[in-house]
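A.B. asks: Give the three-dimensional model of this entry:
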Amino acid sequence: MKSHRLPYLLGIPFLLLLSGLLYQIAQLPGGLILPGYFLGAMYLAAILTGCLIVTALAKLLFKRTPFLNLFLIVGTAGFIFMHYQLYSPILTVVVPNGYTGQVTLVLSNVEQNILRVDSNGIGYLTKSTFDRTYREPVVVDQSSHRLNTSCVGFNQSNFWAKGSAGSSEQTESISFLSFEIVPKEKHGQKQYYDTDLFSLVDKTKLYVAERGLPVRNY
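C.D. replies: Got it, this is the predicted structure:
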C-alpha cells in the first residue's frame, strides 16, 4: 500500500465516527443551565485534546510514522470510546389501548427490560438501560398505533423526567424515568399526573443499589 494513500484510508472511519458523534451530541439532554450540545461539544474538545497529547507521546515511539497518521488512529479509537460513552438505546414502549397518564419505567433487578407497561403505566428497566437512556422512545399502544404525538416530555432539552419516590417511612426509594401521554385536546400540555409508585409497583423487582437485589415487601 502506498504511504500517501494511508491518510485517506485512515480518515474515512475518523470522519464517519466524527459525523456520528456530532449527531449524538445534538441529541444530548441539557443540564440545569447549559444545553446538551454545549456539554457534548466540551466533551468532544476534551477527547480531541487528549488524542493530540497521546499522539505526541506516540510519536516519540514511532518516529517514522507521520503525525497525521498517528492522530487519525488515536482519534478513531477515542471516537469509538466516546460513541460508547454517549450511546443511548431508543426504547419501544407499549401502553394499553386508550391509555393516558404518566408512563413510569422503574429501575429494577430484571434481566430484560419490561417495556409493555401495565394498566398503571408502569414498566421496568435494567440498571444499564436506566443509566444510559436519554433519547425519546417509540411509544405505541397494544394495537401498534404510534402515540408519540400525544407524549409530553419533561422539558424541551430532556424528554425523560428522572426522579425518585420515597416510602412513607422514608426507608426505601424507587428510581424511575417518566413521561406523560395526554388526551388529544391537551396536546403538548403537561398534566403533572401523579402515580403512587409504592402501592403499584411489583416490589420483588425493585433494585437495591448495594447488591442489585429485590426489595422486601412492606
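A.B. asks: now the longest strand seen in the chain: how far from the chain's centre is it?
C.D. replies: When the chain is parsed with DSSP state E, its longest strand is strand 173-181. Its chain's average C-alpha position is 14 Å from that of strand 173-181, according to Cα atoms, centre = their mean, to the nearest Å.
A.B. asks: strand partners of the helix or strand where residue 105 lies, parallel vs antiparallel please.
C.D. replies: Here residue 105, judged by DSSP states H and E, is contained in strand 101-107. Sheet pairing for strand 101-107, assigned by DSSP bridges, gives strand 122-125 (parallel), strand 173-181 (antiparallel).
A.B. asks: Check the ones you listed for me and report the most buried one.
C.D. replies: strand 122-125 (a mean of 24; mean count of other Cβ atoms under 10 Å). All C-beta spots, glycine's among them, are computed from the backbone N, C-alpha and C.
A.B. asks: Assign the nearest residue to residue 26 once chain neighbours are set aside to one of the three secondary structure states.
C.D. replies: Excluding the flanking residues, the one nearest residue 26 by Cβ to Cβ, 6 or more residues apart in numbering is residue 37, at 5.6 Å. For residue 37, the assignment made with DSSP: H, G, I helix; E, B strand; the rest coil gives helix.
A.B. asks: if I pick the spatially most central residue of the chain, what's in contact with it?
C.D. replies: The chain has residue 133 as the residue nearest its centroid, 2.4 Å off, counting by Cα atoms, centre = their mean. Each residue near residue 133 by Cβ atoms under 8 Å, 6 or more residues apart in numbering is listed here: 88-89, 91, 125, 160, 177.
A.B. asks: One more pass at 10 Å, please.
C.D. replies: 88-91, 105, 113, 125, 159-160, 162, 177 (Cβ atoms under 10 Å, 6 or more residues apart in numbering).
A.B. asks: what comes up buried for the helix or strand of the chain with the lowest mean pLDDT?
C.D. replies: Across the helices and strands of the chain, mean pLDDT, DSSP states H and E gives its lowest value to strand 161-166, namely a mean of 84. The neighbour-count check on strand 161-166 (16 or more other Cβ atoms under 10 Å) flags 161, 165 as buried.
A.B. asks: what do you get for stretch 35-51?
C.D. replies: For stretch 35-51, by 16+ other Cβ under 10 Å, it's 36, 39-41, 43-44, 47-48, 51.
A.B. asks: pLDDT of it, averaged?
C.D. replies: When pLDDT is averaged over stretch 35-51, the result is 87.
A.B. asks: just how off-centre is that stretch within its chain?
C.D. replies: Taking Cα atoms, centre = their mean, one finds the center of stretch 35-51 at 17 Å from the center of the full chain.
A.B. asks: I would like the residues contacting it, please.
C.D. replies: By Cβ under 10 Å, 6+ apart, the residues outside stretch 35-51 that reach it are 18, 21-22, 24-31, 33-34, 70-79, 81-82, 85-86, 134, 156-158.
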